[in-house]
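# predicted structure and sequence below. I'll ask about it afterward.
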Amino acid sequence: MKCPSCYADYSSEEPRCPYCGAENPRYRKKIRREKAWETQYQQKKERVVAASRLRIAKRVLNGLILGCVLIFLACLAVSVYFEMREDTRREEGQEAYVERLEQWYQDGQYTRCYALLLEETLYGSAYDKYEEAGELAYRLGAYRRDLEDLRYWLRREAEDPEAVVLEPEAGEAGAGTGTEAGEEPDLVDSNLTSLLRSANMVLEQYERLDSQDPAFWAFAEEAAAEVSTGLQLYLGMDSEAVKALRQAEYSEDYEALTPAVRKVVEENGAE
């Protein structure tokens, strides 16, 4: 190019004229264009880098989400598998238990049914009838034991009244036996209260039975009749006393009923 000052020829890449030192106007424009290109390049580069980072972040996030979903599905599949296997084992075990319980049920061994239900913690609709029958038989057995205990202590009291007096612990005289504070409770009253409770439980269980099995119903009616007969025969309880006993179901106030029944027992000399 020609220098606009001295008209000498020199390269346009020179920032100044090598002869007179005048500034090269083309060089200044070139520098401005290069700076503009550099700025545009840096801006574009930053945008590309930012977009790349965003894409990477999205991919990582999508990968994490996909991984979590896969892990969840895997855990769910494992859980379903083990649950299905447990259900299968439970059904197989239930069939074995039901077969054994049904055999005892048909043989009238209702107490054995109840013992197995409690021992193995079996529950559910498949065991309802065995639980119902077993519970009634268990309560009848408790009533019979309480009746034998009461008869025993009534005989002991007739022989020696002092032999049936309990030794109350400090501050507990008369507690739970229907006696006045400060009096010594006795085993007759204690066993009488237990008998009233167990008799009431048999009658209450009998009234809410829903079994349709004739053989079991025959047993249930015999159980209820045995309890009612025992209350009348051994305790001299009339219909009003039995009615009061039924009311005790709601309040469980057997101790309040005990003195009245005890008086009837003493008057009738029942054993």
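Perfect, I can see it now.
# against which helices or strands is the helix ranked longest in the chain packed?
Counting residues, the longest helix in the chain under DSSP state H turns out to be helix 25-106. Here helix 25-106 is seen to pack against helix 110-120, helix 128-159 when contacts are counted using 3 or more C-beta pairs under 8 Å, 6 or more residues apart in numbering; DSSP states H and E. Heads up, the C-betas are built off the backbone N, CA and C, glycines and all.
# give me that answer again for 6 Å
Contacts defined by 3 or more C-beta pairs under 6 Å, 6 or more residues apart in numbering; DSSP states H and E place helix 25-106 against helix 110-120.
# touching the helix it packs on from outside, list them.
Residues external to helix 110-120 that are found in contact with it (C-beta atoms under 6 Å, 6 or more residues apart in numbering): 101, 104-105, 130-131, 133-135, 137-138.
# on that earlier part again, what's the angle from the longest helix of the chain to helix 110-120?
An angle of 160 degrees separates the directions of helix 25-106 and helix 110-120 when computed by axes from the mean of the first three to the mean of the last three C-alpha atoms, to 10 degrees.
# now do helix 25-106, average pLDDT.
Helix 25-106 shows a mean pLDDT of 82 in the predicted model.
# how about stretch 131-141?
Confidence over stretch 131-141 (mean pLDDT, whole number) is 94.
# for it, list the C-alpha coordinates in PDB.
Extracted as PDB, the C-alpha positions of stretch 131-141 are listed here (Å, rounded to 0.1, in the frame of the first residue of the first chain):
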ATOM      1  CA  GLU A 131     -61.900 -69.800  67.000                       C
ATOM      2  CA  GLU A 132     -65.600 -69.500  67.900                       C
ATOM      3  CA  ALA A 133     -65.900 -73.100  68.900                       C
ATOM      4  CA  GLY A 134     -62.600 -73.100  70.700                       C
ATOM      5  CA  GLU A 135     -63.200 -70.000  72.700                       C
ATOM      6  CA  LEU A 136     -66.500 -71.300  74.000                       C
ATOM      7  CA  ALA A 137     -64.900 -74.600  75.000                       C
ATOM      8  CA  TYR A 138     -62.100 -72.700  76.600                       C
ATOM      9  CA  ARG A 139     -64.400 -70.600  78.600                       C
ATOM     10  CA  LEU A 140     -66.500 -73.600  79.600                       C
ATOM     11  CA  GLY A 141     -63.400 -75.200  80.900                       C
END
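# out of the contacts of helix 110-120, which one sits closest to E38?
The closest of the contacts of helix 110-120 to E38 turns out to be E131 (C-beta to C-beta; 89.0 Å).
# what's the spacing between the closest one and Y138?
Relative to Y138, E131 is positioned 10 Å away (C-beta to C-beta, to the nearest Å).
# and I71, by the same measure?
Spatial separation of I71 from Y138 under the definition C-beta to C-beta is 50 Å.
# and those two? Which one has more around it.
The residue with the greater number of neighbours, taking I71 and Y138 and applying other C-beta atoms under 10 Å, is Y138; the counts read 19 against 10.
# S5 in helix, strand or coil?
Per DSSP: H, G, I helix; E, B strand; the rest coil, the local secondary structure of S5 is coil.
# and the helix or strand hosting L231 with helix 110-120, angle?
Element membership of L231, judged by DSSP states H and E, is helix 214-235. Interaxial angle of helix 214-235 relative to helix 110-120 (the same axes, to 10 degrees): 100 degrees.
# just give me how far helix 214-235 sits from the chain centre.
Here the centre of helix 214-235 is set off from its chain's centre by 36 Å, with C-alpha atoms, centre = their mean, to the nearest Å.
# can you list the helices and strands that that helix packs against?
Here helix 214-235 is seen to pack against helix 128-159, helix 187-207 when contacts are counted using 3+ C-beta pairs under 6 Å, 6+ apart.
# ok and the last one relative to helix 214-235, angle-wise?
When you say that, I think you mean helix 187-207. Going by the same axes, to 10 degrees, helix 187-207 makes 150 degrees with helix 214-235.
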